[in-house]
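In: Give me coordinates for this.
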Amino acid sequence: MRTVSPALAEHLASGATTTCRCWRLTRGDGVVQGFTDHDEDLVFDGTTFRAGTGFEGTELEARFGLAVTGTEVHGALAAESLNEADLAAGRYDNAGIELFLVNWTDVEQRLLLRAGHLGEVRREGAAFAAEVRGLAARLNEERGRIYAATCDADLGDARCGVDLGGPAFRGEGSVLAVEGGSLVRVAGLDAFADGWFTRGKLTFSAGPNAGLSVEVKEHRAEPGEVRLALWQRMPAPLAEGDLFVVTAGCDKRFETCRNKFANAINFRGFPHMPGNDFVVAYTVPGEPGNDGTPVR
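Out: This next block holds a predicted model:
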């Protein structure tokens, strides 16, 4: 339930309003940015809400109950506000967002209309469109453990226990040649077997993408040559000499946990759970010699 201050309520009832909308974004790295569809910058709660960014929102919908509702925000990509490199690097993924209705003649008269987080973000030329998911969207997220044959821990986390800092599971290298937007030939990984870093994480330590990480789609080790295919393009073009650190990957299977990481005791899946063939098994009653064994 929203509580409208008496001053704002009086202003809205006056019939001649001076209101605008303001959006505050809080990224996962703590950076806070403000945007407004007013023609001048506004400041409140320690945040400057910048005008002239092309930031605008679609129609806002509210419902009773816990139904998930959403809206979108649109804006221009600009180096001084929300830039393409940060967007492509994932710095706005799941960022918190607050939408305010503000009387621009007196910013103390304001109302929080919606709070949530950013969902899917699309780039459209020199602009972007971002889905805004309300707080009820959290109810659709998966929580707790999953009953599955594969492991539900993240490699290297507290539940897994594997030390990815050890030399057996960590490699350092550099880019020798770029053979495609996300395919590179690298140096420094000759000691590792083919596929060792498939599904692993690569983090650039030098170059225009320094500090950014990406998942390894495929690690191919051939005599005299090692190639890494990445799941997505990096915000800045890859170049010869870019340095990186890469950690081993895991396909979440019990055999991999046991044989590759010697970590079977910490496996967080259920490798012996019945599969689909067991579910569809049946017995054939009345047939001679039938001992009740399910037929598959």
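In: Of all residues in this structure, which one is nearest the centre?
Out: In the chain, the centroid-proximal residue (Cα atoms, centre = their mean) is residue 93; its distance is 5.2 Å.
In: That one contacts residue 118, correct?
Out: Yes - in terms of Cβ atoms under 8 Å, residue 93 counts as a neighbour of residue 118; the distance is 7.2 Å. (Each C-beta comes from the backbone N, C-alpha and C, glycine too.)
In: hmm, back to that, the residue nearest to the centre of the chain: what's it in contact with?
Out: 28, 118, 121 (Cβ atoms under 8 Å, 6 or more residues apart in numbering).
In: Let's see if you can find the most crowded of those.
Out: residue 118 (19 neighbours; other Cβ atoms under 10 Å).
In: Please name the bridge partners of it.
Out: Taking DSSP bridges as the rule, residue 118 bridges to residue 132.
In: is it true that it touches residue 134?
Out: No - contact criterion Cβ under 8 Å: residue 118 and residue 134 do not qualify, at 11.6 Å.
In: Confirm the residue nearest to the centre of the chain sits in a helix?
Out: No - checked against DSSP: H, G, I helix; E, B strand; the rest coil, residue 93 lies outside a helix; its state is coil.
In: Need phi/psi at it.
Out: phi -60, psi 130 (degrees, to the nearest 10).
In: do residue 258 as well
Out: Residue 258 adopts backbone torsions of phi -80, psi -50, taken as degrees, to the nearest 10.
In: these two touch, right, it and residue 269?
Out: No - at 11.7 Å, residue 258 does not count as touching residue 269 under the criterion of Cβ under 8 Å.
In: Who has more neighbours out of the two?
Out: Applying other Cβ under 10 Å to residue 258 and residue 269 shows that residue 269 carries more neighbours, namely 19 against 14.
In: Next secondary structure element downstream of the one helix or strand in the chain whose mean pLDDT sits lowest?
Out: The helix or strand of the chain with the poorest confidence is strand 56-57; it has a mean of 68 (mean pLDDT, DSSP states H and E). Going down the chain from strand 56-57, the next helix or strand is strand 70-76, by DSSP states H and E.
In: Okay, buried residues for that next one please.
Out: 70, 71, 72, 73, 75 (16 or more other Cβ atoms under 10 Å).
In: So what are the sheet partners of that strand and their directions?
Out: Applying DSSP bridges, one finds strand 70-76 paired with strand 56-57 (antiparallel), strand 127-134 (antiparallel).
In: buried stuff in the last one?
Out: Right, the one you point to is strand 127-134. By neighbour count on 16+ other Cβ under 10 Å, the buried set for strand 127-134 is 128, 130, 131, 132, 133, 134.
In: Dump these to JSON lines, plus distance to residue 89 and pLDDT.
Out: Shown next, in JSON lines, are the buried residues of strand 127-134 (distance: Cβ to Cβ, whole Å; pLDDT from 0 to 100):
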{"residue": "128", "distance to residue 89": "13", "pLDDT": "74"}
{"residue": "130", "distance to residue 89": "15", "pLDDT": "78"}
{"residue": "131", "distance to residue 89": "19", "pLDDT": "78"}
{"residue": "132", "distance to residue 89": "20", "pLDDT": "80"}
{"residue": "133", "distance to residue 89": "21", "pLDDT": "79"}
{"residue": "134", "distance to residue 89": "26", "pLDDT": "71"}
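In: and of those residues, the nearest to residue 172?
Out: residue 128 (34.7 Å; Cβ to Cβ).
In: Is that closest one in contact with residue 120, as I believe?
Out: No - with contacts counted by Cβ under 8 Å, residue 128 stays clear of residue 120, the gap being 10.8 Å.
In: and the gap between the residue nearest to residue 236 when sequence neighbours are not counted and residue 233?
Out: Leaving aside its chain neighbours, residue 236 sits nearest to residue 208 (3.5 Å; criterion: Cβ to Cβ, 6 or more residues apart in numbering). Relative to residue 233, residue 208 is positioned 13 Å away (Cβ to Cβ, to the nearest Å).
In: Alright, I will stop here.
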